[in-house]
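> starting from these lines, generate the structure:
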Amino acid sequence: MEFLDESSENESVDAAVKPGTVRIIIADSQAIYRVGIRKVFALEDDLRVVAQADSIENLRLAVERYPTDVVLLEGSMLAGTTNVIPELLRAAPDMKLIVQAVQADENHTVELYRRGVRGIISRSISPDLLVRCVRRIAAGETWIDNQSVNWVIEAYRSQAAALVSPRSAPRLSPKEMAIITCITQGKRNKEIAFQLGTTEQVIKNYLRKIYDKLGVSDRLELALYCLHNKIIQSDADEEAVAQKLLGH
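Model prediction:
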């Protein structure tokens, strides 16, 4: 595993990082690719590579050792793994993952976004677009093209439609209904808590109970399920709701 400083050979990677700097780990099996990407980021004052890893195991070690904002991960390194992405995000909840894929694949794309990846890019992406992608994802956005949006929405619609009929679903309390309505409006937990006069932790607890009651796994599936089955009264368009939630 390599831990390489971005600014000079003599400066330690543990040196203080200027406020606003995006800290990046490059995880790639090909050394020549890591070198090339590192040079791209070296030209930007607000981007800094704090570590490089050539395997998933070394990436885990790097994430544990270095505070990181964004991980740029070679997609082929995920082959044969199942829970790597959730494990990495549990270790560093505020970290954002970008996966570099050789080609777009519908099932794989949907699965990556469902597991928490914030962006999927081509291995042949231009330097300018790569820099823009990293900045936007570091700022909290999701990098997703129109084709991938459609794949994700269709996958969630299919799953929502296949869930148990709402006639046999457990009853939802007024507060649970209010939270679901807020979710379909694209609101974050902090905004919902403020609106309902409670805390983010309380909202998280409620959401876990709602997921269990309805048999859904996340916010997008919850919203599409409730809109599809008219559990709440809303004129919201499913695609617009999905776009909002994917941006979180």
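
> only C-alpha atoms from now on, for both contacts and neighbour counts.
Noted.

> tally of neighbours for residue 70?
23 (other Cα atoms under 10 Å).

> how about it, phi and psi?
Note on residue 70: backbone dihedrals following degrees, to the nearest 10 are phi -140, psi 140.

> who's it bridged to?
residue 24, residue 96 (DSSP bridges).

> ok, it touching residue 27?
No: using Cα atoms under 8 Å, residue 70 and residue 27 do not qualify as a contacting pair, with a distance of 10.7 Å.

> same for the helix or strand of the chain with the lowest mean pLDDT, what does it pack against?
Scoring the helices and strands of the chain by mean pLDDT, DSSP states H and E places helix 238-246 at the bottom, with a mean of 73. Under the contact definition 3 or more Cα pairs under 8 Å, 6 or more residues apart in numbering; DSSP states H and E, helix 238-246 sits against helix 146-162, helix 219-228.

> can you list the domains in this protein?
Residue ranges for the domains of the chain, per automatic domain parsing: 22-144, 151-246.

> least reliable of those domains going by mean pLDDT?
Of all the domains of the chain, domain 151-246 carries the lowest average pLDDT, namely a mean of 82.

> measure it end to end?
End-to-end distance for domain 151-246: 12 Å, by Cα to Cα, to the nearest Å.

> now stretch 22-31
Chord length of stretch 22-31, first to last residue, is 22 Å (Cα to Cα).

> contacts for it next, please.
34, 38, 46-56, 59, 62, 67-74, 77, 135, 138 (Cα atoms under 8 Å, 6 or more residues apart in numbering).

> now do 6 Å
Taking contacts as Cα atoms under 6 Å, 6 or more residues apart in numbering, the residues outside stretch 22-31 that touch it are 47-54, 68-74.

> sorry, back to before: overlap in contacts, residue 70 and residue 27.
Common neighbours of residue 70 and residue 27 are not found (criterion: Cα under 6 Å, 6+ apart).

> so residue 76: helix, strand or coil?
helix (DSSP: H, G, I helix; E, B strand; the rest coil).

> quickly compare the helices and strands packed on helix 238-246 and say which is most buried.
The highest mean neighbour count among the helices and strands packed on helix 238-246, using mean count of other Cα atoms under 10 Å, belongs to helix 219-228: a mean of 23.

> give me the angle between it and helix 146-162.
Per axes from the mean of the first three to the mean of the last three Cα atoms, to 10 degrees, the angle that helix 219-228 makes with helix 146-162 is 60 degrees.

> for helix 219-228, packing partners?
Applying 3 or more Cα pairs under 6 Å, 6 or more residues apart in numbering; DSSP states H and E, one finds that helix 219-228 contacts no other helix or strand.

> stretch 223-242: how far from the chain's middle?
The chain centroid and the centroid of stretch 223-242 are separated by 22 Å under Cα atoms, centre = their mean, to the nearest Å.

> leaving out chain neighbours, which residue sits closest to residue 223?
Closest residue to residue 223 apart from its sequence neighbours, by Cα to Cα, 6 or more residues apart in numbering: residue 184 at 5.3 Å.
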